[in-house]
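Asker: Next come a sequence and a model predicted from it.
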Amino acid sequence: MTFAKANNLNQLLDQPANPCVVVIFGAAGDLTKRKLIPALYNLARSNLLPEEFAIVGVTRAPMSSEDFRIQMSRDIEKFSTNDVDPQLWQWFEKRLYYLAGDFQDTDTYSRLKELLMQVDQERDTQGNYLYYLATAPQFFCDIIWQLGSVGLAQEDGYWRRVIIEKPFGQDLESARALNKNISTILKESQIYRIDHYLGKETVQNILVFRFGNGLFEPIWNHHYIDHVQITAAETVGVEGRGGYYEGAGAIRDMVQNHLFQLLALVAMEPPVSFEADAVRDEKSKVLKAIQPLTPQDVLTHTVRGQYGEGIVKGQHIPNYRSEPRVAPDSGTETFTALKLTIDNWRWADVPFYLRTGKSLAQRVTEITIQFKRVPTLLFNKTSIDQLVPNFLVIRIQPNEGISLQFGAKVPGPTVRMGAVDMDFAYTDYFNSAPSTGYETLLYDCMIGDATLFQRADNVELGWKVVSPILDVWKALPPRNFPNYAAGTWGPKEADELLQHDGRQWRTSADLSAPVKD
Ligand code: BG6
């Protein structure tokens, strides 16, 4: 589902987007070949691109449009999520153009303007431009200013929109500065701050699951829910991105954006509609309600870790500090776990535990809702001494789906209870073609629906929550790094964070454990 379809009643289902040119800054990078081109190709495959469409790649590398087409034709064979249909690719390929230029050089933008006029004529793209900033963050401002200076950012009978990749700022101050800076050139309605987690079907499904079913919403509050866990565990390390990751760490790389988006979708109040601002208002309210951590809280409610050598999926993994462009005494965290509370009526006294890390035991992104236990009085005279609580697990990836765990009587003459699952797996339903996760986001931007993108205040509120943590961590550099072995579930302090509250981390792997006699 794309929320755009729900928003725009005049928009027929699966109608192609408006005529436009997608200009990708950073077209030689990984994101372009792995995600953006395959996603745009998938949109063409679903008949969601208009006939009047083109893509312009911009980077410094000297290359002709012909070279770019050859390069993309090779890459699509490698990275497409679906078989490449030669006829469709031919249609797509002839809409690819390339411009070599330095992002900081004014001349690049004058030449871009000329090229876009030529493309508009050849493809009838009507002056609508979507700029995708798939570059290093230090270029975001420059590119937007330069576009403004040659008149490529102004809207006047046509639209100009900018998708900005993460990281959006390094902390609250830099995010505010960036927002302020770009707002002198662009209106907020032209800015699409992307978080690729919101392109995932399973993430969009959280809203549908919560607000489209009568069953769960009435119990979605502190009366029934004991706590919420959000886990985004990765088996991969930093994959050659040591230069970037050293300055980011797990909290900036994953928590401030992806995990907070998941938290906001789980915790927000129902929006009055799926209009972009209605949804984003509710997200902001819930992020605003997260109780700020005091320096003392940071010490007791947050955990950071860095992986040392270990075995992941049978392979030896060297420690993080030996990665290229990582300092040999690096203090960057590759793992973090946090306990947060949301100070509103719905979530009073319900802790939200978040954890994410690299080189962990298993790749799994899941949200676990643990419901409160029922009183055991009734079962006092049986052999059951502890009732298992009910869990709902929303599996974001892999094995996308939802499981509900509850207790059932183990057959036999005595009263015994076992945990069983009701399980929904996406693979068993809907039969949809594999996608990159960027299709919906690109399409939504082309039709002007910002529901799944972050507004300036959403991003700043995320930074506001993590800033006190970053401050304390900076003042107290870690002394015990590396403190977990690659291939494990992170440092023992992460387990202690929950054990201290009488709880433990759970994933769907725990849920599907066979019932013990
Ligand atoms: C990116 C982070 O935003 O998300 C990466 O920069 C991380 O470090 C990735 O690996 C995880 O995305 P996904 O879709 O694989 O869960």
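Answerer: All right, it came through fine.

Asker: Mind checking what secondary structure the residue in the stretch 401-517 of the chain that the ligand sits nearest to has?
Answerer: Closest to the ligand within the stretch 401-517 of the chain is G437: 6.6 Å, counting by C-beta to the nearest ligand atom. In short, each C-beta sits where N, CA and C put it, glycine included. When classified by DSSP: H, G, I helix; E, B strand; the rest coil, G437 comes out as coil.

Asker: Just give the nearest non-adjacent residue to it, would you?
Answerer: G199 (4.1 Å; C-beta to C-beta, 6 or more residues apart in numbering).

Asker: In this structure, where is pLDDT below threshold?
Answerer: Low-confidence regions of the chain, defined by pLDDT under 70, span residues 1-13, 376-377, 380-386, 511-517.

Asker: Quick check, central residue of it?
Answerer: Y197 (2.3 Å; C-alpha atoms, centre = their mean).

Asker: and it, what is it in contact with?
Answerer: Counting by C-beta atoms under 8 Å, 6 or more residues apart in numbering, Y197 touches 203, 257-258, 261-262, 396.

Asker: Helices - which of these land there?
Answerer: Those of these mapping onto helices are 203, 261-262, per DSSP state H.

Asker: Take the contacts of Y197 and lay them out in JSON lines including distance to the ligand and neighbour count.
Answerer: As requested, the contacts of Y197 are exported to JSON lines (distance: C-beta to the nearest ligand atom, whole Å; neighbours: other C-beta atoms under 10 Å):
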{"residue": "V203", "distance to the ligand": "10", "neighbour count": "24"}
{"residue": "N257", "distance to the ligand": "7", "neighbour count": "24"}
{"residue": "H258", "distance to the ligand": "6", "neighbour count": "22"}
{"residue": "Q261", "distance to the ligand": "11", "neighbour count": "23"}
{"residue": "L262", "distance to the ligand": "11", "neighbour count": "26"}
{"residue": "I396", "distance to the ligand": "8", "neighbour count": "24"}
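
Asker: What parts of the protein come near the ligand?
Answerer: 166, 234, 253, 365 (C-beta under 6 Å from any ligand atom).

Asker: Need the phi and psi values for whatever residue of the stretch 1-150 of the chain ends up closest to the ligand.
Answerer: Using C-beta to the nearest ligand atom, K35 is the residue of the stretch 1-150 of the chain that sits closest to the ligand, at 9.6 Å. The phi/psi pair for K35 (degrees, to the nearest 10) reads phi -120, psi -50.

Asker: which stretches of the stretch 301-450 of the chain form strands?
Answerer: According to DSSP state E, counting those that start in this stretch, the stretch 301-450 of the chain carries its strands in the segments 302-305, 307-308, 310-312, 315-317, 335-341, 351-357, 364-371, 391-397, 401-409, 417-425.

Asker: Around the closest residue to the ligand within the chain, how many other residues sit close by?
Answerer: Nearest residue of the chain to the ligand (C-beta to the nearest ligand atom) works out as D253 at 4.8 Å. D253 has 23 neighbouring residues, counting by other C-beta atoms under 10 Å.

Asker: nearest spatial neighbour of it, skipping sequence neighbours?
Answerer: Take D253 and drop its neighbours on the chain: the residue closest to it by C-beta to C-beta, 6+ apart is Y245, 6.6 Å away.

Asker: and that neighbour, that's in a strand?
Answerer: No. Per three-state DSSP, Y245 lies outside any strand segment and is helix.

Asker: Give me the contact list for stretch 304-312.
Answerer: 235, 237, 249-251, 316-321, 330-336, 357-361, 473, 478, 481-488, 490-491, 493-494.

Asker: Which entries within these meet the buried criterion?
Answerer: 235, 237, 249-251, 317, 319-321, 330-336, 357-361, 473, 481-488, 490-491, 493-494 (16 or more other C-beta atoms under 10 Å).

Asker: show me what contacts the nearest residue to the residue nearest to the centre of the chain once chain neighbours are set aside?
Answerer: Nearest non-adjacent residue to Y197, counting by C-beta to C-beta, 6+ apart: H258, 4.3 Å away. Taking C-beta under 8 Å, 6+ apart, we find H258 in contact with 195-197, 232, 356.

Asker: hmm, try it at 10 Å
Answerer: Contact partners of H258, counting by C-beta atoms under 10 Å, 6 or more residues apart in numbering, are 166, 195-198, 200, 203, 230, 232, 356, 365, 396.

Asker: Check D85 too.
Answerer: With C-beta under 10 Å, 6+ apart, D85 has these contacts: 41, 44-45, 91-92.

Asker: Restricted to buried residues, select those residues in PyMOL.
Answerer: Buried residues among the contacts of D85 (16+ other C-beta under 10 Å), as a PyMOL selection:
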select buried, resi 41+44+45+92
